[in-house]
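Undergrad: Turn this into a structure:
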Amino acid sequence: MTMTENFITEPERRLPVIRSVDVLVAGAGPAGLAAGVSAARLGARTLVLDRFGYVGGMMTGAYVVKVFGMGDGHRPLVRGFAREVRERLAALHAAMPLPNLQHNGDYEVDPEAFKWQMLEMLEESGAEILLHTMACAPILEDSRVRGVIIESKSGRQAIRAGVTIDCTADADLAFRAGCLCDNETHDVSLGALIEGVDSAAASAFEKEHPEEYRRIMDEALRPYGGRLPWRQWLKNVDITNAEALSRAECRLRRDIFRCLFFLRKNLPGWQNARVKSTWPQLGVRQSRRIRGEYTLTDQDLLESRHFDDAVARLGIRMVGYKLYQPAGLNYDVPYRCLLPRDVEGLLVAGRCVSADYPAENSLRLLAPCFATGQAAGVAAALAAQHSVTPRRLDRVRLREALRRQDVNLEDVGTPPGEPERTDGPSAMEEDAG
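TA: Reported below is the predicted structural model:
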């Protein structure tokens with residue numbers, strides 16, 4: 001190893017190839033789970049890896065458990081993997097319809113049951129899973145991704161793959177393969193569960209001394225933008241920068257305890273309050289997005305634009321944190337949004353697909369992530385089976401395979417027995433994280 005003041009040159013070394021697979025999925029969040037199960041069900045030798053010891057991504061690491069985007073604000077649109085998850089968990093009493101959104105198909109999951117059942121679905125499909133493993137870099141040969149270099153307790157190793165799917169949420173592999181990306185920040189948060197608050201005592205104090213109660217709460221919340229710090233959002237945090245991410249993690253954790261101890265000292269009913277737990281991961285919403293063969297725009301959503309290479313039919317448009325703005329849309333996500341422009345052998349799914357910033361605010365929701373993940377998994381399996389790159393895959397064959405997995409690619413009417421709503425859902429007023 002040679003060293004200079006600013007650089008270290010690593011010696012060349014041989015890495016053991018521990019697997020050769022048809023489809024490698026990097027990241028086991030909602031997109032990666034859908035991709036892995038869908039690819040394996042087509043007979044592809046599939047490996048899903050994740051850096052954590054559990055699957056689910058933001059769903060189980062930041063408890064983003066509300067599956068928004070299943071419909072258009074009036075009726076269901078999304079089927080396939082997303083609907084199968086709902087039905088499977090509902091049978092275990094681990095998925096519940098969201099209030100005011102039952103007509104739309106949106107639902108909430110139990111995060112622990114979700115972790116368990118996703119492992120079951122992966123195993124049943126025939127996919128392998130490798131946890132506690134970081135996807136460090138793509139293996140590149142002549143601008144084609146041929147697999148991934150990984151790091152784990154077992155050391156630095158390699159996995160060969162016919163097709164690799166980047167489901168890292170931040171386009172980590174695509175970026176390191178040289179794909180052009182846009183990187184814009186969104187809100188970052190850290191959830192916490194607070195227990196030990198005597199709500200009756202706090203409510204009585206508020207009723208008897210409303211001005212004093214308001215003064216104490218205003219002083220408590222002023223440093224955090226008027227919100228409890230376990231419900232605050234930090235802005236302008238580049239989550240692709242480890243130092244910025246570390247600062248955000250430290251600040252949010254510090255803010256939670258500072259606010260808690262202030263309330264314990266000053267507000268009746270809070271004397272015995274404590275932090276029972278904080279979420280395992282920061283809640284992050286946007287970062288890198290690839291520049292794909294097509295960039296889906298917010299105008300495409302508003303115009304309910306359809307495409308010949310559509311791989312998902314959606315109706316969700318979220319503005320800020322307001323859902324279904326407006327209701328009644330039905331737009332397509334084209335396959336080209338999953339294809340990086342200049343790199344072969346790679347697909348991208350989840351919140352880092354090719355879209356402009358406003359459109360990505362909708363595509364980052366869970367139902368769209370399930371949908372793009374399923375599309376990428378099916379495409380990767382077909383490409384590997386037919387010995388072509390994803391870019392050269394026959395789009396007609398892809399869409400036929402997606403339909404066979406119950407993916408909705410055409411507008412559908414109101415389900416039988418359910419009159420279509422015309423007044424608009426009250427969920428338009430509901431905030432989404």
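Undergrad: can you give me the strands in the stretch 1-150 of the chain?
TA: 2-3, 8-9, 17-26, 46-49, 66-67, 95-97, 107-109, 128-130, 134-141, 144-152 (DSSP state E, counting those that start in this stretch).
Undergrad: Tell me the helices and strands packed up against the longest one.
TA: Contacts defined by 3 or more Cβ pairs under 8 Å, 6 or more residues apart in numbering; DSSP states H and E place strand 17-26 against helix 30-41, strand 46-49, strand 144-152, strand 155-166, helix 366-385. Backbone N, C-alpha and C define where each C-beta goes, glycine included.
Undergrad: So for residue 100, which of those sits nearest?
TA: helix 366-385 (16.4 Å; Cβ to Cβ).
Undergrad: next SSE after that closest one?
TA: Moving toward the C-terminus from helix 366-385, the next helix or strand (DSSP states H and E) is helix 395-404.
Undergrad: Could you list the buried residues of that next one?
TA: Across helix 395-404, burial judged by 16 or more other Cβ atoms under 10 Å covers 395, 398, 399, 401, 402.
Undergrad: likewise stretch 149-169?
TA: Under the neighbour-count criterion of 16+ other Cβ under 10 Å, stretch 149-169 has 149-150, 152, 157-159, 161-169 buried.
Undergrad: Let me know the closest of those to residue 370.
TA: Looking across the buried residues of stretch 149-169 and measuring by Cβ to Cβ, the closest to residue 370 is residue 167, at 11.2 Å.
Undergrad: and the closest one, how far is that from residue 93?
TA: Taking Cβ to Cβ, to the nearest Å as the measure, residue 167 falls 28 Å from residue 93.
Undergrad: Equivalent analysis for residue 270, please.
TA: Applying Cβ to Cβ, the value for residue 270 to residue 93 is 34 Å.
Undergrad: higher neighbour count, the two?
TA: Neighbour count, other Cβ atoms under 10 Å: between residue 270 and residue 93, residue 270 has more, with 23 against 9.
Undergrad: so what's that one up against?
TA: Applying Cβ atoms under 8 Å, 6 or more residues apart in numbering to residue 270 gives the contacts 197, 198, 202, 263, 264.
Undergrad: helix/strand/coil for the last one?
TA: Per DSSP: H, G, I helix; E, B strand; the rest coil, the local secondary structure of residue 264 is helix.
Undergrad: How about it: what's its closest non-neighbour residue?
TA: Nearest residue to residue 264, sequence neighbours excluded (Cβ to Cβ, 6 or more residues apart in numbering): residue 270, at 5.2 Å.
Undergrad: Quick check: phi and psi at that neighbour.
TA: phi -100, psi 10 (degrees, to the nearest 10).
Undergrad: same thing with the one 4 residues further on?
TA: Per-residue torsions, residue 274: phi -150, psi 160 (degrees, to the nearest 10).
Undergrad: Would you confirm that it contacts residue 196?
TA: Yes: with contact defined as Cβ atoms under 8 Å, residue 274 reaches residue 196; the gap is 5.0 Å.
Undergrad: picking that back up, nearest to residue 24, of the buried residues of stretch 149-169?
TA: Nearest to residue 24, judged by Cβ to Cβ, of the buried residues of stretch 149-169 is residue 161 at 3.6 Å.
Undergrad: Having no further points to raise, I will conclude here.
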